[in-house]
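[1] turn this into a structure:
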Amino acid sequence: MKRLIVALLMGLALVGFPTQAWAHQVETFYSLGAQLEFQSTLAARTFAGATVSIYAPNNPEEPWQTLVTDGEGRFAFVPDESMPGNWEIAIESDDLSHADYWTVPVGDTGIIYDGIVLDSTQDQHYVAAASTFGPLAMAVAAGLGWALFKQRR
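    As a prediction, this is how the structure comes out:
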């Protein structure tokens, strides 16, 4: 019985924490010079040819500007300072299977560098991992509960 419990816990540890899958997401780095520059990678390779949609604060439904990342996964833009607020940036593959979403706040004096944030709530990898891990954890808990119930009888 102890072997069963140890085997179930080991299986949960191996399946429940897929470290390789986390490395398979888009990673984006940015810097501010004369313009705001981004560089994205996917699984340690450049995210070349990704579609970049930039949304202005006054029209979050229609892109203010649409770009494509270069061969190094880079793009740059300068937001219109006459439109202060949160500018939304979507960096997406053509099939939308991989993406990164950023919020760039712009104030009266320009980009608020310390306010730039990644919106990870839209990342599909987190959704997929949560939808897989929940049922798996429930199944393991039910199995352990059943084994302990049978052992007491």
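
[2] tell me the bridge partners for residue 55.
    residue 88 (DSSP bridges).

[3] quick one: it and residue 88 touch, right?
    Yes. Counting by CB atoms under 8 Å, residue 55 does reach residue 88; the two are 4.2 Å apart. Where C-beta positions appear, they are placed from N, C-alpha and C, glycine not excepted.

[4] for the closest residue to residue 52 other than its chain neighbours, which three-state class applies?
    The spatial neighbour of residue 52 that comes closest, neighbours along the chain excluded (CB to CB, 6 or more residues apart in numbering), is residue 67 at 4.2 Å. Per DSSP: H, G, I helix; E, B strand; the rest coil, the local secondary structure of residue 67 is strand.

[5] kindly report the domain assignment for the chain.
    1-24+123-153, 26-121 (automatic domain parsing).

[6] okay if I get those domains as CSV plus mean pLDDT?
    Listed next are the domains of the chain as CSV, based on pLDDT from 0 to 100:
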stretch, mean pLDDT
domain 1-24+123-153, 66
domain 26-121, 92
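
[7] quick one: the strands in this structure, in order.
    Ranges of strands within the chain are 26-32, 36-42, 45-46, 51-55, 65-68, 74-77, 85-92, 99-107, 110-111, 117-118, based on DSSP state E.

[8] how close does the residue nearest to residue 52 get to residue 74?
    10 Å (CB to CB, to the nearest Å).

[9] ok, back up a step: so what's the residue count around the residue nearest to residue 52?
    Residues near residue 67, counting by other CB atoms under 10 Å, number 17.

[10] close enough to count as contact, it and residue 49?
    No. Assessed by CB under 8 Å, residue 67 is found out of contact with residue 49, at 11.0 Å.

[11] for the closest residue to residue 56 other than its chain neighbours, phi and psi?
    Among residues not flanking residue 56 along the chain, residue 64 sits closest, at 3.9 Å (CB to CB, 6+ apart). When read as degrees, to the nearest 10, the backbone of residue 64 gives phi -80, psi -30.

[12] surely residue 64 and residue 54 touch.
    Yes. Using CB under 8 Å, residue 64 makes contact with residue 54 at a distance of 5.3 Å.

[13] okay, and the common contacts of these two?
    residue 87 (CB atoms under 8 Å, 6 or more residues apart in numbering).

[14] circling back to that earlier point, most tightly surrounded among the domains of the chain?
    Stretch with highest mean neighbour count among the domains of the chain: domain 26-121 (a mean of 15; mean count of other CB atoms under 10 Å).
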